[in-house]
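S.K.: this one's structure only:
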């Protein structure tokens, strides 16, 4: 029950003994400050690791066909494996929900020109899903869509770099670009976080490219992302299963490493996961260490406070204070000091991270910060820490005998 | 009002024990004003502590207002102290960060009285000891005599059956001592039962009865003619 008088008593006691309260709060504030900064730095390091792997979907798998090195099922070694459109449908059908996005890809180099300006660029013939796999953003116009695929439209989407190169003076969207003698309408301009190399590319509907370049149903490779809810171990297993199914489909020996190759980002993700969890463990150990030091500090000061207030507690007991009321006074005071000081530490820590964040980039710490869940967790931890810190001193206080406390000395 | 039979108390000192009270028999009627005298070590303070339920006897009976005081839990002792007893100490024992009014209101707080009510009642008692104008002052801003009067107001606040005073004038000069004694006598005149420990003969003579202790036994218990303190004020 909320007892206004009890709180009045506690606030009066804290207020009338400001130095003492500040002193005990300082330990906790400092512990939480350290913890927050450490946690933020760890987060920053993690962000750096993640960024090192680019902004491509971290859950991507690329499947390349190659040449067989082993004879199998009466077929010779040295046979070239060729993927076709049906391989994409096969994977979609076979694995269903496990596949998030999948695109077939054909890579060609083309000479592009517009009104006298010329250059050679990489051309990627793709499905619309590629946008999510490559993490492209549309700057102007639109991306390749399913209509383009169905109608084999002669349209392209160009990277920002090409827009700058060839269309520096006009708006590229709606213009016609000449690629190796054929005109295509530019329907959009895209950007990519990875910069120049990824923005120096032209995208074309897969079906259009297959028709124009006489590839029929053929594709160069498959690029997919797996369901992001999969753990990295499950994703590695998934990659292996795809390889196995495709090897069966193309009658390739299961020990043949060259015929079908899979590049699975889960490999890297797994390593990051291991590194990250290692870092988290270290941070938690250090964090809990500082927090425990803080608790011990508060507990110490509370014991001192109880000693200092022995006489007062004796007076209160002589006047009719029950042991329970003495326990609640000390305990709530401890919780209050710990919680307030902890919050001050937390705010200071967040402030330090905000201020120092930008200048830490060169030390491989990117966007250090703490999450809301950490703040909520910290609140609960602080209240229990205050309770733990205050419990022993409070019980000690409640056992004070008024006769000892009131002795005239 | 108060009935004590064959009360024994000893304190352990190292391996041996010190027998402080060796069978005390004492009976106090309502409206009495009793001085307990004795040199230091005679057991007078121990007796007062036991009567005040701050300490417990090893043996013997203690009946307060028809209620046997024995094997009390801490909680129960706290309730009884609050309800039946008012304490006045030599060193006042006010809480130093609370002002006079808050100090007087503290026993009422532990009775669970509402804030407004207890402040009114505390103010009434402060007026009674003549310190209404000092209600918002802290103990350190008051003189010794004023502090003792705040302490008396606090002892009276919960309207106890018995006032216990442990050397109430021990820390005061003669003039102030007499003022305080005059006030305590006035309380007794109004019907309050008062039990006082002192080692000053003249203060004891301002009570109505003197009980002398030596080495843990009562050696003398006489009614005296009360010397009124007003005449010295």
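M.R.: That came through, no problem. Source: prediction; values computed, not measured. Numbering: from 1, shown residues only, chains lettered A, B, ... in the order given.
S.K.: for the residue of chain B found nearest chain A, list the residues it contacts.
M.R.: Here the residue of chain B nearest chain A is residue B:82; by CB to the nearest CB that distance is 2.5 Å. The way it works is simple: take the backbone N, C-alpha and C, and place the C-beta from them, glycine included. Residue B:82 sits next to A:319, A:320, B:107, B:110, B:111, B:158 when contact means CB atoms under 8 Å, 6 or more residues apart in numbering or on different chains.
S.K.: ok, which pair from those is furthest apart?
M.R.: Spanning the widest gap among the contacts of residue B:82 are A:319 and B:111, at 9.7 Å by CB to CB.
S.K.: ok, these two, which is more surrounded?
M.R.: For residue A:319 and residue B:111, the more surrounded residue by other CB atoms under 10 Å in any protein chain shown is residue A:319, and the numbers stand at 27 against 16.
S.K.: can I assume the more buried one is in contact with residue B:110?
M.R.: Yes: applying CB atoms under 8 Å, one finds residue A:319 in contact with residue B:110, separated by 6.0 Å.
S.K.: related to what we said a few turns ago, quick check: the residue of chain B closest to chain A vs residue A:319, distance?
M.R.: Distance of residue B:82 to residue A:319, computed by CB to CB, to the nearest Å: 7 Å.
S.K.: how about residue A:222?
M.R.: Here the distance between residue A:222 and residue A:319 works out to 83 Å (CB to CB).
S.K.: spell out which residues of the stretch 201-350 of chain A are next to chain B.
M.R.: Remark: the part of the stretch 201-350 of chain A in contact with chain B comprises A:311-312, A:314-325, using CB under 8 Å from any CB of the partner chain.
S.K.: and which of these is nearest to residue A:75?
M.R.: residue A:324 (86.4 Å).
S.K.: other SSEs contacting the helix or strand harbouring the closest one?
M.R.: Element membership of residue A:324 [criterion: DSSP states H and E] is helix A:323-356. Helices and strands touching helix A:323-356, as assessed by 3 or more CB pairs under 8 Å, 6 or more residues apart in numbering or on different chains; DSSP states H and E, comprise helix A:4-16, helix A:18-52, helix A:266-308, helix A:310-318, helix A:372-398, helix B:74-84.
S.K.: can you do 6 Å?
M.R.: Applying 3 or more CB pairs under 6 Å, 6 or more residues apart in numbering or on different chains; DSSP states H and E, one finds that helix A:323-356 contacts helix A:18-52, helix A:372-398.
S.K.: count the residues that sit near the closest residue to the residue of chain B closest to chain A other than its chain neighbours.
M.R.: Spatial nearest neighbour of residue B:82, excluding adjacent residues (CB to CB, 6 or more residues apart in numbering or on different chains): residue A:320 at 2.5 Å. Residue A:320 is surrounded by 23 other residues when neighbours are defined as other CB under 10 Å.
S.K.: which residues touch residue A:320?
M.R.: With contacts defined as CB atoms under 6 Å, 6 or more residues apart in numbering or on different chains, residue A:320 is in contact with B:78, B:81, B:82, B:107, B:110.
S.K.: which SS class is it?
M.R.: Following DSSP: H, G, I helix; E, B strand; the rest coil, we place residue A:320 in the coil state.
S.K.: pLDDT weak spots in chain B?
M.R.: Segments of chain B classed as low confidence (criterion: pLDDT under 70) are not present in this model.
S.K.: if we go to 80?
M.R.: Using pLDDT under 80 as the threshold, the predicted model of chain B has low-confidence ranges B:233.
S.K.: that one: strands as residue ranges?
M.R.: Assigned strands in chain B, in chain order: B:2-13, B:16-28, B:33-37, B:59-64, B:67-68, B:85-88, B:162-166, B:193-197, B:209-214, B:217-223 (criterion: DSSP state E).
S.K.: longest single helix anywhere in chain B?
M.R.: Counting by DSSP state H, the longest helix found in chain B is helix B:174-189.
S.K.: quick revisit: of the residues of the stretch 201-350 of chain A next to chain B, closest to chain B?
M.R.: When those are compared for distance to chain B (CB to the nearest CB), residue A:320 comes out closest, at 2.5 Å.
S.K.: relative to residue A:395, how far out is the closest one?
M.R.: To residue A:395, residue A:320 is 20 Å away according to CB to CB.
S.K.: show the contacting residues for residue B:64.
M.R.: Contacts of residue B:64 (CB under 6 Å, 6+ apart): residue B:2.
S.K.: what distance do you get for it to residue B:74?
M.R.: The gap separating residue B:64 from residue B:74 is 17 Å, by CB to CB.
S.K.: next: residue B:115.
M.R.: As judged by CB to CB, residue B:115 and residue B:74 stand 26 Å apart.
S.K.: over to residue A:319?
M.R.: On the measure of CB to CB, residue A:319 and residue B:74 end up 14 Å apart.
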